[in-house]
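# turn this into a structure:
(chains A, B and C)
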Amino acid sequence: MTSAVEEQLQSEVLDWFSRAARDLPWRAADCSPWGVLVSEIMLQQTPVVRVLPVWREWLARWPSPGDLAAESSGEAVRAWGRLGYPRRALRLHAAATVIAQDHDGHVPRDPVELRALPGIGEYTAAAVSAFAFGDPATVVDTNVRRVLARARSGKALPAMSLNRAEMRLAHENVPADRERAAAWNAGVMELGAIICKARSPVCDVCPIRSHCAWRAAGYPPYDGPPRKGQAWDGTDRQCRGALLQVLRSRDEPIPAEQLALAWADAEQRERCVASLVADQLLQEAPAGHYRLPG
DNA sequence: AAACCGTGGGC
DNA sequence: TGCCCAAGGTT
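As a prediction, this is how the structure comes out:
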């Protein structure tokens, strides 16, 4: 059931989105579902500006799931470059393989089938459903959560983890009309990305400022539990990143001694090499060499 | 279910 | 400068 307030909110977001939407290649009318899927995986925890050049390279090189599936997973990891979280490249390659083998090379439209693909969780399944096929899914990412927390709940930031009340609120706010639902999903995300930002929101130009509960309450600060930032210096993640960067830089297998140049601490280095092998991001080669997976 | 998994830019 | 955050998923 859509209330009058919700309809007003929807119209304001839709009107704003029709004017202010960024011209992103995965939003082009001729972008394939595969192109949308690749963008969604790349955009997980990764800013748009960093994704753009890599996405273009991937779509030019592998225009269909079958094209990527025909490559080695190592090539996917190499082409992932410095986007971060390289297991995404591995899972995207695995998803392409499943799509090629079990879905006749076509990205599935059913959210349940999407959700079953490696690397695709609730958000990405809904996003592909909505953005690739125009289906009326409920897309809830960090942007949507923040916009709803502010506009509808009057809070500076959403809870630490997505809960049922939030999902219900998000679902209630999706327009019933199919076309409006698709535009709403894209529009709320866009609003969160470029207006209702986490750090410095630009409320002065927000299209829904007159309906924002957070604004009405006088912008109360975040009052939830402290958010613990992730450590970085000296962590296994930093070590793994340094090791993989060396592996990406050359086609040939790399001797273990060269990996030692990338990370001095032998114990941590060996632990991380082992974890990269276990993750199938790394492969042992003859004579104490290592390479990206073939 | 808390912890882990990369990377770089903005403030 | 250091800290926070970016279209999350998996275990």
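
# tell me which residue in chain A sits closest to DNA strand B.
Of all residues in chain A, A:G241 sits closest to DNA strand B, at 1.6 Å by C-beta to the nearest atom of the strand. Every C-beta, even on glycine, is put in place using the N, C-alpha and C of the backbone.

# quick one, grab the pLDDT at the closest residue to that residue other than its chain neighbours.
Leaving out its chain neighbours, the residue that sits closest to A:G241 by C-beta to C-beta, 6 or more residues apart in numbering is A:G84, at 7.9 Å. Per-residue confidence (pLDDT) for A:G84: 98.

# what number of residues lie near A:R291?
A:R291: 16 surrounding residues under other C-beta atoms under 10 Å.

# ditto for A:V188
30.

# contacts only, for it.
Neighbouring residues of A:V188 by C-beta atoms under 8 Å, 6 or more residues apart in numbering: A:V13, A:V139, A:N143, A:V144, A:V147, A:L148, A:N173.

# does the fifth one touch A:G192 like I think?
Just to be clear, that refers to A:V147. Yes - if you go by C-beta atoms under 8 Å, A:V147 and A:G192 touch, sitting 4.6 Å apart.

# which one's more surrounded, these two?
A:V147 (29 against 22).

# quick check, that one in a helix?
Yes - counting by DSSP: H, G, I helix; E, B strand; the rest coil, A:V147 is part of a helix.

# just the pLDDT at it, thanks.
At A:V147, the model reports a pLDDT of 98.

# for the residue nearest the centre of chain A, which non-adjacent residue is spatially closest?
With distances taken as C-alpha atoms, centre = their mean, the residue of chain A nearest its centroid is A:Q44 (1.8 Å). Spatial nearest neighbour of A:Q44, excluding adjacent residues (C-beta to C-beta, 6+ apart): A:R88 at 6.4 Å.
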